[in-house]
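J.: Quick one, structure for this:
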Amino acid sequence: MNNSKRFPGKLALQQRVLPVYRAAFFNALAAACDGGLSVFAGPPHPVESITVTDRLQTARFVPAENIHLGKYPNFVCWQNGLMDWLRGWDPDALVVEANPRYLSTPQAVNWMRRRDRPVVGWGLGAPPLAGPLAGFRQMRRRQFLSRFDALLAYSRRGADEYAALGYPADRIFVAPNAATARPTLSPPSRPLGVRTQPVVLFVGRLQARKRVDHLIRACAALREDLKPRLLIVGDGPELDALRTLAARIYPDASFLGERHGLELRPFFEMADLFVLPGTGGLAVQEAMAHGLPVIVAQGDGTQDDLVRPQNGWQVPPDNVDMLVETLRLALSDLNRLRIMGAASYSIVANEINIEKMTEVFVGVLNSLT
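T.: Residues are numbered from 1 along each chain as shown. Below is the predicted model:
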């Protein structure tokens, strides 16, 4: 892979949607492209809880008309305007989501192929399929992926899944999924020894899949000397239900509302441990940048590279008993938490950050062009 930190051409990047957390990466990638970057994306499925943006500072944004066919999550998507965008931008290379359910993508791949320009697929991976149509879907997935000149995976697990499908391993690259830049400040100094009451922090949207109710129940199940002050930062449809639950079983939970940017810093600094009990939520990287150990639910593989025994724990989703046991283990030794927090900071400072992610993308593009 070419390790030059700049791509000399024009880059086009297709997404189904543009989540707010992805804007910083696209701006960084655009700054590394001499010819600029144009991003094509549209609105989410009506039932999805994705906060999107159409504002990019360095990159150029072009809106798509997304037509979702079928019920969530088993839908397919057609993006009107894709070919007009591609012809108008006329890029030297194209990055697309490596998802065969996006039905308009093959047109864009074919257009680039006819001009002998590279196309890179970018995705989570290819987890095993089940159901009566699994064989057909697997074959279609292989055919779809075979058209790409290279694949960029979010995680090592995702890369292994692509290789297991028969895609050449030497054309698969890992760009660890990053939502934050390399930290510029040192982590806050936290005291060693015993605290009167440890502080556990959650930051994210309050929706059912985040499983904040499990975190409240787990804290309530701890023995008295380990019960933490629980800080819950965020807003969402589950807020009233969570407040009712906390008032009934865990009054040491504080609901602090929705906060962003610098408003979050005081809560990261006062915490001893960050917990993400459900799916999604890239706030874990921000917590690590503040020197916090983390507990996260096992998911799609993107957490595997981020959360290791040196800096935290992964727990099975929807298993309150395991969450209780992991909290008990974590909160029983605050000195160990300080050491693990330092490991968290090292990971996001040196390995998983927007700058590293940009370097991988640019290296792959340069190796193909």
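
J.: Do a quick rundown of the strands in the stretch 151-300 of the chain.
T.: Assigned by DSSP state E, counting those that start in this stretch, the stretch 151-300 of the chain shows strands spanning 172-174, 199-203, 229-233, 253-255, 273-276, 294-297.

J.: Go through those strands and pick out the most buried.
T.: strand 273-276 (a mean of 27; mean count of other CB atoms under 10 Å). The way it works is simple: take the backbone N, C-alpha and C, and place the C-beta from them, glycine included.

J.: packing partners for that strand?
T.: For strand 273-276, the packing partners by 3 or more CB pairs under 8 Å, 6 or more residues apart in numbering; DSSP states H and E come out as strand 199-203, helix 283-289, strand 294-297, helix 320-331.

J.: if we go to 7 Å?
T.: For strand 273-276, the elements it packs on are strand 199-203, helix 283-289, strand 294-297, judged by 3 or more CB pairs under 7 Å, 6 or more residues apart in numbering; DSSP states H and E.

J.: what ranges do the helices span in the chain?
T.: Assigned by DSSP state H, the helices in the chain fall at 23-31, 82-89, 105-114, 134-145, 156-164, 212-221, 239-249, 265-270, 283-289, 320-331, 334-350, 354-368.

J.: ok, back up a step: need the strands of the stretch 151-300 of the chain in TSV with mean pLDDT and distance to Ala134, can you?
T.: Putting those into TSV (pLDDT from 0 to 100; distance: least, CB to CB, whole Å) gives the following:
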stretch	mean pLDDT	distance to Ala134
strand 172-174	98	22
strand 199-203	97	36
strand 229-233	97	39
strand 253-255	98	42
strand 273-276	97	30
strand 294-297	96	25
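
J.: just so I know, which of those lies nearest Leu11?
T.: strand 172-174 (15.8 Å; CB to CB).

J.: Which strands border the closest one, and is each parallel or antiparallel?
T.: When pairs are called by DSSP bridges, strand 172-174 turns out to pair with strand 150-153 (parallel).

J.: tell me the mean pLDDT for the partner strand?
T.: Mean pLDDT, strand 150-153: 98.

J.: Not counting it itself, show me its contacts.
T.: With CB atoms under 7 Å, 6 or more residues apart in numbering as the test, strand 150-153 has contacts from 98, 120-123, 125, 145, 159, 162, 167, 171-175, 361, 364, 368.

J.: how does it look with 8 Å?
T.: The contact list for strand 150-153 (CB atoms under 8 Å, 6 or more residues apart in numbering) reads 95, 98, 118, 120-125, 145, 159, 161-162, 167, 171-175, 360-361, 364, 367-368.

J.: what's the most buried one of the helices of the chain?
T.: When the helices of the chain are scored by mean count of other CB under 10 Å, the highest mean neighbour count falls to helix 283-289 (a mean of 25).

J.: To Glu355, which of the helices and strands packed on strand 273-276 lies closest?
T.: Closest approach to Glu355 among these (CB to CB): helix 283-289, 12.7 Å.

J.: What helices and strands are in contact with that closest one?
T.: Using 3+ CB pairs under 8 Å, 6+ apart as the contact test, the elements touching helix 283-289 are strand 199-203, strand 273-276, strand 294-297, helix 334-350.

J.: Swap in 7 Å and give it another go.
T.: Applying 3+ CB pairs under 7 Å, 6+ apart, one finds that helix 283-289 makes contact with strand 273-276, strand 294-297, helix 334-350.

J.: would CSV of these with distance to Pro19 be doable?
T.: Output for the helices and strands packed on helix 283-289, formatted as CSV (distance: least, CB to CB, whole Å):
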stretch, distance to Pro19
strand 273-276, 17
strand 294-297, 18
helix 334-350, 19
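
J.: on that earlier part again, out of the helices of the chain, flag the one nearest Lys71.
T.: helix 134-145 (16.8 Å).

J.: what pLDDT, on average, does the closest one get?
T.: Here the average pLDDT along helix 134-145 is 91.

J.: do the same with stretch 332-344
T.: In this model, stretch 332-344 has an average pLDDT of 96.

J.: Which residue is the nearest non-sequential neighbour of Gly236?
T.: Nearest residue to Gly236 in three dimensions, chain neighbours excluded: Leu206, at 3.4 Å (CB to CB, 6 or more residues apart in numbering).
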